[in-house]
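**Q** pasting the sequence and the predicted model now:
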Amino acid sequence: MISANLSAIFYLISGILFILALRGLSSPDTSRQGNYFGIAGMIIAIVVTFLSVGNFSTSLTYVIIFLLIGGLIGAFIAFRIPMTAMPELVAGFHSLVGLAAVFVAIAAFLNPEAFNLGVVGKIKLASLIEMSIGAAVGAITFSGSVIAFLKLRGIMSGSPITFSGQHFLNLMLGIGIFVLIYYLCISQSANIFWTVIMISFLVGILLIIPIGGADMPVVISMLNSYSGWAAAGIGFTLENTALIITGALVGSSGAILSYIMCKAMNRSFVSVILGGFGADSSSDKTKQSKDQKPVKSGNAEDAAFLMKNASSVIIVPGYGMAVAQAQHALREMVDKLKKNDIKVTYAIHPVAGRMPGHMNVLLAEANVPYDEVFELEDINNDFANSDVAFVIGANDVTNPVAKTDPKSPIFGMPVLDVEKCKSVLFVKRSLSPGYAGIDNELFYKDNTLMLFADAKKMTEDIVKNLD
Amino acid sequence: MEIDPFIFRLSIFILSIFIGYYVVWSVTPSLHTPLMSVTNAISSVIIVGAIIAALAGSSESIFGISSIFGFLAIVLAAINIFGGFLVTQRMLQMYKKKKDKKK
């Protein structure tokens, strides 16, 4: 058994190691080292906890068994998961953190002596507030992440579910949670504690169902942030520095990512939370104009010809590439182009895909070197000097309407200046509008060639035609 | 007058938010997905609370009602810890620079 002061110092060390783990991610070179710091921090925290409790009875054996069961499941998932499923995986992991926070809060409520928080019915006031906040945020994280998971997995429709009075209901439930926590502090009643948790589960569900598929990057980041705040709440309850530091880090990390994602879509955080975006059965007007406007469409041969005669090509990947699993075929195509001394770069919009950095991971998986992949602001000026833009699975993020039409729902959103390229190749299955529910002007430009096909199949055909 | 230890924890908390703010802004956008998976893994340090709860049972009743919640939380957090760090590692392994020799 080690003293409380000594273990507090070790918890501080593990907190610092977690900071270094995030710091490492500032560049791919240092990132792997950063991950080891994180692992070291975790091992220190767990070992110190064992030592500080100092109970080496049979319970310990069971703790280790359960730890290993969880570890095996986690390791199995980590090795088996395809990179395209990363958004679901992260959402699923968030739900586990949330539920773990709820369970720890329940355990602390039922057995406060174990945590030095007083006795049942007489839990210290501050601890009671902290644990109910931790449990409430944890429960919201859990049920919200489950809904996000189901939507990302396609088990539940990605389109928003809205009903009248929804926001009012959420507001009432939110206020209700605070009122109940107040009464909980007065009465210490277990029933109120359970009710708080139940209502929080409900709030989590209600918060996420009205949010549409295109807003998923924000939702995942937001839930990431919530899981951090839940951990911090529990950290205050347990008076544990490692947990407080980590909770604050994760909470602010998720908040920053949400901010970046909102900014990349030019939408306010509030409007994302209120949801309903992309629900609209796109107005008939766009449908009519679609039939009238001429579209040039081509096949793999045309595309191969255009690219072979280009000197520079910019690839614009989007969610469609992930769905079609086209990243490997794409890389093969790029290799062929490079053999012909064509300069190829990749342009990534911050909200391409279903989570922050989604496209980068997929390209990395296909062995694309990360120094060929550029973010929006770094590459946007290059489109004007390039011969071909190859848009694969992206749509709204290339729509010039965002710059020209103040009435458009995506007006003001930063977009890739694809139309400035000499020619644009647009791989898409049909002319259907993207998630924003609006038509893409790019389809009808003179220098655009539409390639109607599945992204993977089309890319493979182009590869054949490049020989 | 003595300062309540809560204030110290609150200070740590608020300073950590600032640290998080500056550290996360310096994360390169291409690593945002690994950032999410690693933050996921580290927030599972909540397992320390689960371990304390699980070990609270006496040797006669290892599985009291509160320790059962502790054990369940251990499994959940452990899935996250192992899953989170390993999948991050797997992703980071894929980020490579251009190699001239290859091909």
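**A** Perfect, thanks for sending it. Residues are numbered from 1 along each chain as shown, chains lettered A, B, ... in the order given.
**Q** give me the distance between the one helix or strand residue A:126 maps to and the centre of its chain.
**A** Assigned by DSSP states H and E, residue A:126 falls within helix A:125-153. Here helix A:125-153 is found 17 Å from its chain centre; the criterion is C-alpha atoms, centre = their mean, to the nearest Å.
**Q** what angle do the next helix or strand after that helix and helix A:125-153 make?
**A** Using DSSP H and E, the helix or strand that follows helix A:125-153 in sequence is helix A:166-187. Interaxial angle, helix A:166-187 versus helix A:125-153 (axes from the mean of the first three to the mean of the last three C-alpha atoms, to 10 degrees): 150 degrees.
**Q** after helix A:166-187, which helix or strand is next?
**A** Next in line after helix A:166-187, if elements are assigned by DSSP H and E, sits helix A:190-208.
**Q** any residue of whichever helix or strand comes after that following helix touching chain B?
**A** Once helix A:190-208 ends, the next helix or strand along the chain (criterion: DSSP H and E) is helix A:216-238. Yes: interface with chain B: helix A:216-238 contributes A:220-221, A:224, A:227-228, A:231-232, A:234-238 (C-beta under 8 Å from any C-beta of the partner chain). (Glycine included, C-beta is placed from N, CA and C.)
**Q** how far away is residue B:92 from residue A:29?
**A** Distance, residue B:92 to residue A:29, using C-beta to C-beta, to the nearest Å: 10 Å.
**Q** neighbour count winner among those two?
**A** Neighbours of residue B:92 and residue A:29, each counted by other C-beta atoms under 10 Å in any protein chain shown, are more numerous for residue B:92; the result is 23 against 11.
**Q** quick one: that one from chain A, how far?
**A** 5 Å (C-beta to the nearest C-beta, to the nearest Å).
**Q** test my guess that that residue contacts residue A:38.
**A** No: Residue B:92 lies out of contact with residue A:38 (C-beta atoms under 8 Å); the separation is 11.2 Å.
**Q** need the residues that contact stretch A:378-392.
**A** Applying C-beta atoms under 8 Å, 6 or more residues apart in numbering or on different chains, the set of residues contacting stretch A:378-392 from outside is A:303, A:306-307, A:309-318, A:320-321, A:326, A:330, A:345, A:347, A:398, A:416-428, A:442, A:455, A:459.
**Q** run the last query once more with 6 Å
**A** A:306-307, A:310-317, A:321, A:347, A:398, A:417-418, A:420-427, A:455 (C-beta atoms under 6 Å, 6 or more residues apart in numbering or on different chains).
**Q** just the CA trace of that stretch, in CSV.
**A** Once non-C-alpha atoms are left out, stretch A:378-392 reads as follows in CSV (Å, rounded to 0.1, in the frame of the first residue of the first chain):
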residue,chain,number,x,y,z
ASP,A,378,-2.7,24.6,-48.6
ILE,A,379,-3.8,23.4,-52.0
ASN,A,380,-6.7,25.6,-53.1
ASN,A,381,-4.5,27.9,-55.1
ASP,A,382,-3.1,25.1,-57.1
PHE,A,383,-6.3,24.1,-58.9
ALA,A,384,-5.9,27.1,-61.2
ASN,A,385,-2.5,25.8,-62.3
SER,A,386,-3.5,22.2,-62.7
ASP,A,387,-4.7,20.3,-65.7
VAL,A,388,-7.1,17.7,-64.2
ALA,A,389,-9.1,17.5,-61.0
PHE,A,390,-10.2,14.0,-60.3
VAL,A,391,-13.2,14.2,-57.9
ILE,A,392,-14.0,10.8,-56.4
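**Q** check which residues of it are buried.
**A** Residues A:379-380, A:382-383, A:386-392 are the ones in stretch A:378-392 that count as buried (16 or more other C-beta atoms under 10 Å in any protein chain shown).
**Q** same question, stretch A:420-434
**A** The neighbour-count check on stretch A:420-434 (16+ other C-beta under 10 Å) flags A:420-421, A:423-428, A:431, A:433-434 as buried.
**Q** what helix or strand is the residue nearest to residue B:70 when sequence neighbours are not counted located in?
**A** Closest residue to residue B:70 apart from its sequence neighbours, by C-beta to C-beta, 6 or more residues apart in numbering or on different chains: residue B:53 at 3.0 Å. Using DSSP H and E, residue B:53 maps to helix B:47-55.
**Q** what of residue A:75?
**A** Using DSSP H and E, residue A:75 falls within helix A:58-80.
**Q** that helix: what's the following helix or strand?
**A** Assigned by DSSP H and E, the successor of helix A:58-80 is helix A:86-110.
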